[in-house]
Structures are given as structure tokens and as C-alpha cells.
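Peer 1: Test case, fold it:
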Amino acid sequence: MNKIRAGIIAAAATMMTAGIAWAANPIVKGWYADPEIRVFGGKYWIYPTYSDDYGAPDVTRRFTPHQTELRKQKTVRPSYVQQTFFNAFSSPDLVHWTKHSHVLDVENIAWAGYAIWAPSVLEHKGRYYMFFSANDIQSDAEVGGIGLAVSDKPGGPFKDALGKPLIGKFHNGAQPIDPFVYRDDDGKVYLFYGGWKHCNVVQLSDDLRSVVPFADGSSYKEITPPGYVEGSFLIKRKGVYYLMWSEGGWTGPDYSVAYATGPTALGPFTPRGKILEQDFKIARGAGHHSVVNVPGTDDWYIVYHRRPLGDDKGEHREMAIDRMEFTADGSIKPVVMTNEGVKPRPFKAR
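Peer 2: Just a heads-up that it's a prediction; the model follows:
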């Protein structure tokens, strides 16, 4: 056991002895990335990308003949063919997590075969809608992009809602990956997405199953901030919209999170700087995050992935959670990564 792991265990043991059951980072065992955290039914839910096998391989049980042929295509990285499903995790307090296996699997998405990434889930009219990336398309000649699946429960199973990608082409140079779905105060629902250093936003129909034009007639608005690479995310606090994203290379030391602020969900956005970067005392490659606000409070937490020190494999990413705090003027303080994680944060009784 290395010194870092031993330190984590010792710290956790000390806190439990003191009567406080803190969560250590990483929050669960396994190689997971791109975590999105949501609140559904009085619980916290995290939906991450399955990044690599951890111990016994976790696999999709069967593929259709079409998917089998699709999976023979050359992929950018061999690990992409392992990424064919999502596991999810739920918790009443951010500390104790329950695993929900294969809440979405390509068994239920006939057009997808690999590179199942970065889910984003929204409760809408009593059902749960999951937007996700599939097939890592490199051009408009390939089938893939951002799909939509639906379930009656946050723990799935999610099944294909369209029979094809919702967004299956490049627009404004943005690779159709890394979706984030956001419902504004007026009820309008937007989907932010994009890789290859371009960020788009679209407006969704009332049933979330199609892209509808904005008031000016356009359908795909580019809102790419300086330094943007992937992983967009949006929150609203005290009347201000915070657009957040990942910069740098996902396998490299420069992976990080930056943000901008604006008066509306569509901007215009003013860059404000970075809030999450690697810390050679804690972990490397910190990025592709999400944020949760504890209902009824001004308490915020950031969930993100990072690579352990001394491990150079890009896919070896772990999920962590830490506090995210604001200054008096509304700026986001730089996030302090920890090995200890956070104290239990159950919802207050109403």
C-alpha cells in the first residue's frame, strides 16, 4: 500500500473514531470519469462514464450483428470499445453511495456500439431523460453523436427514445459529445454540448425529443469561451449564470476547469479564470466536473474526476467530491482538492 492510500485510510479512521463518517476521495471504487451529479427523489445521483476495468471487467452481455460490425471500426483509443454502458450511484448524504449497474446499456441503444460517454439526466414531467455521447464520430459520414434515452426511474433502465441520435452532425465545428441539459427558470430547456474546442447550445422541444429554433431562427448557437475544450456545465446563483468547462488535454497535466459569468443562460459570458487544477500533493488531471446545490441552501459541491499520483494511464480516473465556495462578490473560489472528501450532507427535513 503506498503512502498516499495509507494516509487516506488513516484520516478516515480518525474521523470515524471522532464520530463523523466522512467520505474519502475517491468516493467509490473504480475507474470512472465525467461525473454528473443531480438531485432526484430526496437523493443525490451521480452518472459517470465507465473509464476502465477495475478488477473483474464489467461488460455488456450481448451486441447485435450491426453493433458487432460497428465495434470493428478503428477507435482513437482501445478503451473506447469497453465503454458501452453507464453505472450510476445514489446517496442520501454524499458519503454513503449505492451502485446501480448498467442503468443504460447499448443493448437498449441499437445504433450505438462504443464510446458511451458523459451522461446528463433531467427529470421532466415525471420521467427521466438521459442525454449521452456515443460512437465518438469523427465526421458527418459516421453514425453517432448525442443520443436520448428515457426511464421511469432515475436508476433506469434507460431505453432509446428516438432510434437515432438527437444530434448526429457537426455544427460550428463542435463534435457532438459531452451533453449537459439545463432547465431555465422560465421552463425552457437547453442542451449545451461540444468537443474539439467548440461549445454549442440548442433549445429543446417541450418533449425534449427534438431541437427547435431560437427566436432569431437559428438552431445551433456557438458560445465557445476562450480556452474551452469540452465538458460544459451551467448553474445559476443569485441571478448570475455561471458557464463552466474543461480545458487542456484529458490525459495530460493541464486538464482543468474554468468558468465565465453572464446575465442569461445563453450569455454573453465573461471569462473569470480557472477554479480547479491538479495538485501534486493530491492528484493529477482534475476536470470534467459537475456541481450540485443542496436544496434550500447556498451550499455547493463540485464532483469531478482526477488521476491518482504515480498512475500515467489516461483512463485511470477516479471520482472525487469537494466543497465549492463563492466570495462576497460572487466569484468562485479556487477549489481545494482533498483526500478526505466531505462531511455527510443529508437533506434537511421540510
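
Peer 1: Quick one: the helices in this structure, in order.
Peer 2: 3-17, 65-70 (DSSP state H).

Peer 1: For stretch 192-200, give the mean pLDDT please.
Peer 2: Stretch 192-200 comes out with an average pLDDT of 98.

Peer 1: Apologies, that question was intended for stretch 326-335.
Peer 2: Averaging pLDDT along stretch 326-335 yields 98.

Peer 1: residues making contact with that stretch?
Peer 2: For stretch 326-335, contacts defined as CB atoms under 8 Å, 6 or more residues apart in numbering pick out 237-238, 240, 242, 257, 259, 261, 272, 274-277, 298, 300, 302, 322-325. Where you see a C-beta, it was placed from the backbone N, CA and C, and this is true even at glycine.

Peer 1: Among these, name the ones in strands.
Peer 2: 237, 240, 242, 257, 259, 261, 272, 274-276, 300, 302, 322-324 (DSSP state E).

Peer 1: Filter these down to just the buried residues.
Peer 2: Taking 16 or more other CB atoms under 10 Å as the criterion, what is buried in the ones in strands among the contacts of stretch 326-335 is 242, 257, 259, 261, 272, 274-276, 300, 302, 322-324.

Peer 1: Taking the residues you listed together, which two end up most distant?
Peer 2: Maximum pairwise distance among these (CB to CB): 21.0 Å, between 261 and 322.

Peer 1: which residues does residue 49 contact?
Peer 2: Here residue 49 is in contact with 32-34, 83, 86, 116-119 (criterion: CB under 8 Å, 6+ apart).

Peer 1: Tell me the one of those residues nearest residue 131?
Peer 2: residue 119 (7.0 Å).

Peer 1: on that earlier part again, weakest of the helices of the chain in terms of mean pLDDT?
Peer 2: helix 3-17 (a mean of 42).

Peer 1: first to last residue in stretch 108-120, what's the distance?
Peer 2: Using CA to CA, to the nearest Å, the end-to-end distance of stretch 108-120 comes to 17 Å.

Peer 1: in it, what's buried?
Peer 2: For stretch 108-120, by 16+ other CB under 10 Å, it's 108-109, 111-120.

Peer 1: burial count for residue 28?
Peer 2: Residue 28 has 18 neighbours, counted by other CB atoms under 10 Å.

Peer 1: residue contacts, it?
Peer 2: Residues counted as contacts of residue 28 (CB under 8 Å, 6+ apart) are 89, 97, 99, 319.

Peer 1: one more time with 7 Å, if that's ok
Peer 2: Residue 28 makes contacts with 89, 97, 319, as judged by CB atoms under 7 Å, 6 or more residues apart in numbering.

Peer 1: Tell me the buried residues within these.
Peer 2: Buried by 16+ other CB under 10 Å: 89, 97, 319, out of the contacts of residue 28.

Peer 1: Give me the pLDDT value at the last one.
Peer 2: The per-residue pLDDT reported for residue 319 equals 98.

Peer 1: That one reaches residue 34, doesn't it?
Peer 2: No - in this structure residue 319 lies outside contact range of residue 34 using CB atoms under 7 Å: 9.3 Å.

Peer 1: Could you count how many residues lie near the closest residue to residue 42 other than its chain neighbours?
Peer 2: Leaving aside its chain neighbours, residue 42 sits nearest to residue 347 (5.8 Å; criterion: CB to CB, 6 or more residues apart in numbering). Residue 347 has 15 neighbours, counted by other CB under 10 Å.

Peer 1: ok, residue 347 touching residue 297?
Peer 2: No - judged on CB under 7 Å, residue 347 makes no contact with residue 297 at a distance of 9.5 Å.

Peer 1: related to what we said a few turns ago, which of the contacts of residue 28 sits closest to residue 58?
Peer 2: Taking CB to CB as the measure, residue 58 sits nearest to residue 89 out of the contacts of residue 28, at 13.7 Å.

Peer 1: Who are the contact partners of that closest one?
Peer 2: Taking CB under 7 Å, 6+ apart as the criterion, residue 89 is in contact with 28, 46, 97-100.

Peer 1: could you pull out the strands for the stretch 1-150 of the chain?
Peer 2: With DSSP state E, counting those that start in this stretch, the ranges of strands along the stretch 1-150 of the chain come out as 31-40, 43-52, 85-91, 98-105, 117-124, 127-134, 145-151.

Peer 1: Same list, those strands, but as JSON lines with distance to residue 232 please.
Peer 2: Below are these laid out as JSON lines (distance: least, CB to CB, whole Å):
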{"stretch": "strand 31-40", "distance to residue 232": "11"}
{"stretch": "strand 43-52", "distance to residue 232": "15"}
{"stretch": "strand 85-91", "distance to residue 232": "19"}
{"stretch": "strand 98-105", "distance to residue 232": "21"}
{"stretch": "strand 117-124", "distance to residue 232": "10"}
{"stretch": "strand 127-134", "distance to residue 232": "12"}
{"stretch": "strand 145-151", "distance to residue 232": "12"}
